[in-house]
Every structure is written in structure tokens, then in C-alpha cells.
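Student: my questions concern the predicted model and sequence given below.
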Amino acid sequence: MAKSVCIVSGGMDSATAMAARIGAGKEIIGVHFDYNQRTMIKERKSFNALMDFYKIDRRFTIDLSFFGTIGASALTDRSIAVPHEFSGGVPITYVPFRNGIFLSIAAAIAEKEGADEIVIGAVEEDSSGYPDCREDFLRSIEGAIALGTRDETNIALKAPLVHLSKMQIVSEAVKLKVPLNLTWSCYENDDLACGICESCQLRLKGFALAGVADPIDYVDK
């Protein structure tokens with residue numbers, strides 16, 4: 001069976017991208033990153049809950065706590081407030097080159113495991129405007145992986161949601177029967193989702209437009 005290394009944050013997007021590869025008959029290797037983010041413990045629990053739900057034994061949790069030393073993001077530096085209003089451009093929740101580092105590590109795992117693809121739930125069309133979620137960036141990383149691995153290694157980089165809206169992602173997740181109750185999107189809280197950070201707002205908008213009830217609990221529910 002062909003193997004797929006899936007980067008799974010514990011969020012709705014990466015869970016949906018993984019579920020699509022399961023539906024395609026891939027053997028999944030789950031990869032999760034602890035990078036000193038505010039909701040690190042909750043996200044790790046969501047990742048492991050998803051792995052358990054899909055009965056995926058082959059999983060990696062990688063410690064990237066150095067992101068906290070780098071700082072420069074509201075997700076990893078608790079002296080920077082998570083914004084609740086947005087004025088365009090790259091937001092302060094952007095973690096510098098996060099996906100580039102994630103994908104580099106995933107490439108090492110994929111080569112070692114003999115996988116033929118890496119899957120990431122990056123979204124460009126209806127997201128926060130992070131530069132490392134753009135399709136052009138992902139294609140360039142795919143080329144770098146090809147150049148930086150053995151000649152006989154052939155690893156495709158797949159971002160199946162990159163041009164979908166949050167509404168479309170919710171609809172796809174429902175179609176694939178993703179356990180959305182196990183996923184977590186909030187940037188700020190790890191008990192009840194705040195409902196007001198950008199990630200929560202995008203998630204709630206997606207569910208509302210799709211006409212689907214969000215199964216997780218929010219502060220104001």
C-alpha cells in the first residue's frame with residue numbers, strides 16, 4: 001500500500017486533507033508538531049484523538065519548541081496579544097516560515113518511511129494570508145524536496161484544500177465523515193474556543209455558510 005505522510009495539526013483543514021487520502025486508499029503516517037503555540041496541549045490531544053479514531057498507529061510528534069525562542073508571532077510569544085480584528089496583510093499570528101520547516105521535516109520522514117507523498121492542509125483562498133500557505137510556495141518546496149533527496153526518491157507534495165473556501169472545506173469534511181468534534185481551531189483557548197480570534201471566525205463562518213452546526217464548544221454557547 002502506498003504511504004502518505006500527513007501533517008496533522010489537530011485542526012479541521014488537516015483532518016479533512018488526511019481523510020481524503022484515507023479515502024484514496026493510502027496508508028497514513030501522521031506527523032504533528034509542538035512548536036510552543038498557545039494551544040499546544042489541546043492541539044496534540046486533537047491530533048492523537050484523530051489518529052486513534054482512524055486507527056493510525058504510525059505517528060510522530062516532533063518538538064519544535066525553538067519557535068518560542070524565535071518569537072515574532074502571537075501564537076508563540078505570549079507577550080503579543082492574539083488579535084480579534086484584522087486589517088489585511090500578513091497577520092501577527094503568522095509564524096515565520098513555519099510550513100517550510102514542517103515540510104522539510106515531513107520530507108525526511110517520508111524518505112525514511114518510503115512514502116510517495118506529503119499531505120498538508122494549507123489553505124490559500126480563504127485563510128489568514130500566510131505567505132507559506134500559497135500554492136507557489138508549496139510547489140517550490142516540492143521542487144526543493146526533489147533536489148534534496150535520493151535520486152530514487154519520488155515524493156509528491158499535495159495540498160488538496162489550497163483553493164477551497166472554509167465553507168467548501170466544511171462540506172468536504174461532512175462528506176468524508178471527518179469527526180469534526182475532535183478538531184480544534186482556536187488560536188487562544190484550549191478549553192472552550194474563544195469564537196473571536198481569526199481562526200475561530202473563519203471556522204464559524206465556514207460552518208454557517210455550509211449550513212452545518214459546529215460540534216465544538218465556544219465561550220458564548
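Tutor: Thanks, I have the structure now.
Student: I figured Val212 hits Val174, correct?
Tutor: Yes: counting by CB atoms under 8 Å, Val212 touches Val174, with 5.9 Å between them. (Glycine included, C-beta is placed from N, CA and C.)
Student: list the buried ones in the lengthiest helix in the chain?
Tutor: Identified as the longest helix of the chain according to DSSP state H is helix 98-113. Neighbour-count burial for helix 98-113, counted by 16 or more other CB atoms under 10 Å, picks out Arg98, Asn99, Ile101, Phe102, Leu103, Ile105, Ala106, Ala107, Ile109, Ala110, Glu111.
Student: which elements pack onto whichever helix or strand comes after it?
Tutor: Using DSSP states H and E, the helix or strand that follows helix 98-113 in sequence is strand 117-119. On a contact count with 3 or more CB pairs under 8 Å, 6 or more residues apart in numbering; DSSP states H and E, strand 117-119 meets strand 3-7, helix 12-23, helix 98-113, strand 156-158.
Student: where in this protein is pLDDT low?
Tutor: Filtered on pLDDT under 70, the chain yields the residue ranges 221.
Student: distance of Glu135 relative to Glu27?
Tutor: Per CB to CB, to the nearest Å, Glu135 is found 26 Å from Glu27.
Student: circling back: how about the helices and strands packed on strand 117-119, which one is nearest Asn189?
Tutor: Nearest to Asn189, of all those, is helix 12-23, at 16.0 Å by CB to CB.
Student: so how far is the closest one from its chain's centroid?
Tutor: Mean C-alpha position of helix 12-23 versus that of the full chain (CA atoms, centre = their mean, to the nearest Å) differs by 10 Å.
Student: how about the helix or strand following that helix as CSV, C-alpha atoms only?
Tutor: The element immediately downstream of helix 12-23 (helix or strand, assigned by DSSP H and E) is strand 27-34. The C-alpha coordinates for strand 27-34 follow below in CSV (Å, rounded to 0.1, in the frame of the first residue of the first chain):
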residue,chain,number,x,y,z
GLU,A,27,-1.6,4.1,4.4
ILE,A,28,-1.3,7.1,6.7
ILE,A,29,1.7,8.2,8.7
GLY,A,30,0.7,11.1,11.0
VAL,A,31,3.0,13.9,11.8
HIS,A,32,2.3,16.6,14.4
PHE,A,33,4.4,19.5,15.6
ASP,A,34,4.6,21.0,19.0
